[in-house]
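Chemist: Any chance you could fold what I've pasted below:
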Amino acid sequence: MIGVNRKKPTKVVLGELNPQSKKFSKARIDGMIGEFIVHPNYSGRASHDDIALIRLVDRVRLDFGQSPTIRPACLLTQEVPTSEKVTATGWGRVNSVGE
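Modeler: Now for the predicted structure:
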């Protein structure tokens, strides 16, 4: 949202595939945003370094029985060998001109 819409959102919806739906999932958790931590090299013009973390005001309890659709993101802590198979997920562009 940062860079596309200059007005920053104040709330996140976890565990809901369609947050606009009138019928809410039992797994849905709403959280208030406390802080955006944007990658220091993000410019809004390129498709690299377009990542940010969102710190919530309150902790979210990850109860996989109650909220099976909510999972923590796993961030790398070390280099992955080029021979290793990995899975990447996300949305938006997967490449840009020249890459």
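Chemist: Show me where this protein has its helices.
Modeler: Counting by DSSP state H, the chain forms no helices at all.
Chemist: residues contacting the residue of it most remote from its centre?
Modeler: Distance from the C-alpha centroid of the chain peaks at S83, with 26.7 Å (Cα atoms, centre = their mean). By Cβ atoms under 8 Å, 6 or more residues apart in numbering, S83 lies in contact with nothing. All C-beta spots, glycine's among them, are computed from the backbone N, C-alpha and C.
Chemist: any idea how far C74 is from it?
Modeler: 20 Å (Cβ to Cβ, to the nearest Å).
Chemist: what do you get for Q66?
Modeler: For Q66, the distance to C74 - Cβ to Cβ - is 21 Å.
Chemist: who has more neighbours, the two?
Modeler: Ranked by neighbour count (other Cβ atoms under 10 Å), Q66 and C74 place Q66 first, with 12 against 6.
Chemist: quick one: contacts for the more buried one?
Modeler: So Q66 contacts 26-27 (Cβ under 8 Å, 6+ apart).
Chemist: same check, this time on A27
Modeler: 15-16, 66-70.
Chemist: Filter those down to the buried ones and express that as a PyMOL selection.
Modeler: In PyMOL, a selection of the buried entries from these looks like this (16 or more other Cβ atoms under 10 Å):
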select buried, resi 15+16+67+70
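Chemist: And the furthest pair within the contacts of A27?
Modeler: E16 and Q66 (13.7 Å; Cβ to Cβ).
Chemist: could you point out the longest strand in this protein?
Modeler: The longest strand of the chain (DSSP state E) is strand 29-38.
Chemist: Provide the strand pairings for it, with the direction of each partner.
Modeler: Strand pairing for strand 29-38, using DSSP bridges, gives strand 11-14 (antiparallel), strand 52-56 (antiparallel).
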